[in-house]
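Peer 1: Please find the sequence and the predicted model below.
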Amino acid sequence: MAVTRRLTAALYVLAAIGFYGTWGRTMLDGTLKRLFTALHHDQQHTMSGTNEPLLRTITGIYWPIDYLLDVLILFFWEAADGSHPSTTLVALYFAGQHLSIAIVLYVDSLRSGNRKLWKIGATLWLMLFQLTAIATSGPWFLAAYFSISPLVDINPPLPRYLSSHLAEPTEILLVPVSAVIGYIIPVVLMSLRSPSVISNTAKQLSIALWNVFPLTMTIIQTASRPMMSSIRRVPGSDKARKPPSPGDFLWAVRICYAFSFVFSCTCHVGVAAVSGISVLFPMILAPHYASAFRPGKVLIPPLSGMAVSSFGEGDLSFMKWDQMIGYACILLYTCVTLRRAQAKLGVRGSWGLYAGIVGGCVVAGPGSTVLVISWAKDELLFARQTDVQIGKGAGPSC
């Protein structure tokens with residue numbers, strides 16, 4: 001698919017706004033300076049609210065691994081320790097929505113058309129999202145994806161187009177398993193109080209572990225495939241791989257998507273309820289929390305570059321900009337792939353899609369909406385297809 005001029009312009013605009021809202025404002029408000037001061041000029045930096053020093057050695061390889069992990073620990077510590085309620089609430093919301101985005105990218109990278117394209121692989125781009133922010137690298141992911149992925153090319157014959165969207169059901173089912181271990185468990189550990197429930201050191205390690213979840217999830221999926229082969233055959237090489245049946249594929253993605261949707265939607269409803277209570281029934285909450293949880297405080301990104309007094313305040317503005325621009329990028333990615341699928345099947349698009357996206361973001365959250373759009377595309381492509389329509393190579397995968 002050639003990237004159109006309008007789409008290219010949109011990506012440039014998103015990239016510029018995303019960089020300003022995250023790293024530009026981080027420089028202006030003093031957060032980046034505070035970060036480098038802690039790393040380079042304070043050899044015994046103490047984590048906020050504790051007497052615990054920053055972990056300087058985690059893997060034993062200080063540059064670049066432990067250095068980058070220290071950056072992430074410093075950046076997210078005050079979002080996880082509860083000292084800044086607004087930041088903690090936004091961080092929990094971010095984690096809930098981000099899981100569905102990760103699930104969609106992992107499933108997409110397992111499809112036969114994308115399997116060999118490491119340049120748009122989920123592990124690579126999710127790690128870039130973790131290290132640079134979705135708002136910063138998301139537009140470049142879209143540019144790469146729309147340029148090289150065969151899934152957005154509607155010129156091939158329909159059987160080949162459909163086959164390129166299929167993936168092995170067993171590999172899809174490993175995605176939620178790896179998400180529980182590599183993503184959800186670290187999020188839970190990060191959320192626990194320290195040092196009363198877990199030690200401050202364990203909390204730092206859990207923050208580091210969550211930030212490398214793309215590597216953890218990929219390792220778990222790769223290591224689990226041989227074990228799954230005893231239940232359902234997983235071909236040893238792409239050359240020997242045969243496309244699964246549409247029924248097997250849909251069965252697997254429905255389980256995978258439903259798992260992620262429940263998690264993300266629950267986080268959205270929970271955070272929305274807390275924020276709503278702060279407006280409708282503020283007397284239920286302590287005054288400090290009622291003010292911190294108001295919708296304007298947790299939703300609207302700040303425009304000014306006013307200096308902040310702590311990492312927690314800087315994190316709050318960073319995450320709100322990251323969510324707004326980053327999730328807009330991923331919504332654009334899923335919308336384009338859905339519209340291309342509709343065009344291939346001769347299904348007429350409507351403005352109702354965009355109304356549904358807005359409504360979905362309000363009711364279930366942007367990450368949940370991204371997942372529903374991807375789910376709808378798979379249902380559209382395969383719910384009424386047969387092995388014969390997809391091609392001779394298609395058949396049961398076991």
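Peer 2: Here it is on my side, so go on. Numbering: from 1, shown residues only.
Peer 1: Where does pLDDT dip in the stretch 51-200 of the chain?
Peer 2: Along the stretch 51-200 of the chain, no part satisfies pLDDT under 70.
Peer 1: likewise the stretch 251-398 of the chain?
Peer 2: 385-398.
Peer 1: can you give me the helices in it?
Peer 2: Assigned by DSSP state H, counting those that start in this stretch, the stretch 251-398 of the chain shows helices spanning 287-292, 295-299, 311-345, 352-363, 366-382, 387-390.
Peer 1: Gly96: what's it in contact with?
Peer 2: When contacts are counted by C-beta atoms under 8 Å, 6 or more residues apart in numbering, Gly96 touches 263-264, 266-268, 271, 365, 367. No exception for glycine: its C-beta is placed from N, CA and C like everyone else's.
Peer 1: which among those end up buried?
Peer 2: Buried subset of the contacts of Gly96 (neighbour count, 16 or more other C-beta atoms under 10 Å): 263-264, 267-268, 271, 365, 367.
Peer 1: Farthest-apart pair in those residues, please.
Peer 2: Taking C-beta to C-beta as the measure, the buried ones among the contacts of Gly96 span a maximum distance of 12.9 Å, between Phe263 and Val271.
Peer 1: what's Ser368 in contact with, if anything?
Peer 2: 97, 100, 261, 264-265, 268, 360.
Peer 1: same thing with Pro139?
Peer 2: Here Pro139 is in contact with 11-12, 14-15, 18, 329 (C-beta under 8 Å, 6+ apart).
Peer 1: Name the member of the residues you listed with the most neighbours.
Peer 2: When neighbours are counted by other C-beta atoms under 10 Å, Gly18 leads the contacts of Pro139 with 27 neighbours.
Peer 1: For that residue, which residues are in contact?
Peer 2: 133-136, 138-139, 321-322, 325-326, 329.
Peer 1: quick one, strands of this structure?
Peer 2: With DSSP state E, there are no strands along the chain.
Peer 1: Which residue, other than its chain neighbours, is closest to Trp210?
Peer 2: Closest residue in space to Trp210, ignoring its immediate chain neighbours: Pro186 at 3.7 Å, by C-beta to C-beta, 6 or more residues apart in numbering.
Peer 1: which residues sit in contact with that neighbour?
Peer 2: 206-207, 209-210, 213.
Peer 1: now, which of those residues sits nearest Tyr145?
Peer 2: Of all these, Phe213 has the smallest distance to Tyr145: 20.6 Å, by C-beta to C-beta.
Peer 1: For that closest one, which residues are in contact?
Peer 2: Contacts of Phe213 by C-beta under 8 Å, 6+ apart are 102, 126, 130, 182-183, 186.
Peer 1: now, among those, which is nearest to Thr31?
Peer 2: Nearest to Thr31 among the contacts of Phe213, with distances taken as C-beta to C-beta, is Gln130, at 17.4 Å.
Peer 1: Tell me how many other residues crowd the closest one.
Peer 2: Neighbours around Gln130, by other C-beta under 10 Å: 19.
Peer 1: Would you check how far apart the closest residue to it other than its chain neighbours and Trp23 are?
Peer 2: In this structure, Gln130 finds its nearest non-sequential neighbour in Asn211, 5.2 Å apart by C-beta to C-beta, 6+ apart. Distance, Asn211 to Trp23, using C-beta to C-beta, to the nearest Å: 17 Å.
Peer 1: the more surrounded of these two?
Peer 2: Neighbours were counted for Asn211 and for Trp23 using other C-beta under 10 Å; Asn211 has more, 22 against 18.
Peer 1: export the contacts of Pro139 to a markdown table and tack on distance to Val279?
Peer 2: Below are the contacts of Pro139 laid out as a markdown table (distance: C-beta to C-beta, whole Å):
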| residue | distance to Val279 |
| --- | --- |
| Leu11 | 36 |
| Tyr12 | 37 |
| Leu14 | 31 |
| Ala15 | 34 |
| Gly18 | 29 |
| Cys329 | 30 |
